[in-house]
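[1] just coords:
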DNA sequence: ATCAAATAGTTTCATCATCAAAATAATAGC
DNA sequence: GCTATTATTTTGATGATGAAACTATTTGAT
């Protein structure tokens, strides 16, 4: 593999990587939702508009401990984005839902991502998108199945 | 733009995005460098083996405040990865350097990234790499020059 | 039916990363 | 020689996080 090329792609990937969260955070501060952090937005995103997941389901998805999610949910409830719903069938479970305001954030975040991906894939045909997808799958495999790494 | 495709790429990008730091952190904990966090590795990476940058240069590069870098450098000095060198020409400046141990981390991190990019670009020819680069440049433009966004 | 074990969530306590603003040290410009 | 500027550090606060102890509820075995 050509070293200069690898370096160029690495630098680009690194820059983009670091920018994503920073830009999301900055956009938030400019929006009408100034009382919320990007991590909290991601929690809202995981809670979703579409079903009422339990606390541990959401924690697992976000790959944080249930304790951490509990405190995030406390904040989000206090700020009026999230509601806790007790399950009636099994009262140990807490199900999470979004308020109207929470759903607004959910959709705004969704829209940001949609626009981001549209820029990413700008002017590409199906084959080209397919190639991008393959590259991302390669990367995913590298990250998730380290035992398959041939080098290292 | 095809919505299903956009969603697929978005989900992949999100997964990969979230995995990178987690995997880097996990690899560290398995390595002989257990007393260091991934943020500290990135500071070491920014300090570099090759020159002696000042505290503010490094802080600017990492996009953190000088105060934050000062505390990180305190930790890294205490743990034996970094040295502070006072400039002789202008004694206000603090120049940063790596110890032998710091350089080991620097190279290990560099190597991780190289392998990651090699997986990412696995089996691709020059044209294909070029396409990936273009996609990343699109994304970078989206993130860094929001005023050029046509939609939103 | 009872009680021990398992399960879901919360609380507590500690740590890390971070910033803003005040403080300190050194230099530059008049 | 002061005063303003610059580089760094200190201080005080906050948010995100995990581990482990704790509470509430349910399940399962007897």
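    In hand now; what should we look at? Since the model is a prediction, treat every value here as computed from it, not as a measurement. Numbers count the residues shown, from 1 in each chain, chains lettered A, B, ... in the order given.
[2] where does the prediction get shaky in chain A?
    Filtered on pLDDT under 70, chain A yields the residue ranges A:1, A:146-152.
[3] for it, which residue gets nearest to DNA strand C?
    Closest approach of chain A to DNA strand C (C-beta to the nearest atom of the strand) occurs at residue A:67, with a separation of 2.6 Å. Quick note: C-beta positions are derived from backbone N, CA and C, even for glycine.
[4] tell me the secondary structure for that residue?
    State at residue A:67, reduced to three classes by DSSP: H, G, I helix; E, B strand; the rest coil: helix.
[5] and for it, the neighbour number?
    Residues near residue A:67, counting by other C-beta atoms under 10 Å in any protein chain shown, number 9.
[6] which other helices and strands contact the helix with the most length in chain A?
    Longest helix in chain A, counting residues (DSSP state H): helix A:3-30. Helix A:3-30 sits against helix A:38-47, helix A:100-120, helix B:3-30, helix B:100-120, helix B:126-144, with contacts defined as 3 or more C-beta pairs under 8 Å, 6 or more residues apart in numbering or on different chains; DSSP states H and E.
[7] in that helix, which residues are buried?
    Neighbour-count burial for helix A:3-30, counted by 16 or more other C-beta atoms under 10 Å in any protein chain shown, picks out A:5-6, A:9-10, A:12-13, A:16, A:19-20, A:23-24, A:27-28.
[8] now, the most widely separated pair of these?
    The largest separation in the buried residues of helix A:3-30, counting by C-beta to C-beta, is between A:5 and A:28 at 35.2 Å.
[9] got the contact list for the closest residue in space to residue A:120 that isn't next to it in sequence?
    Nearest non-adjacent residue to residue A:120, counting by C-beta to C-beta, 6 or more residues apart in numbering or on different chains: residue B:139, 4.6 Å away. Counting by C-beta atoms under 8 Å, 6 or more residues apart in numbering or on different chains, residue B:139 touches A:16, A:116, A:119, A:120.
[10] the first one touches residue B:141, doesn't it?
    In this case it means residue A:16. No. The pair residue A:16 / residue B:141 is not scored as a contact, 10.1 Å apart, by C-beta atoms under 8 Å.
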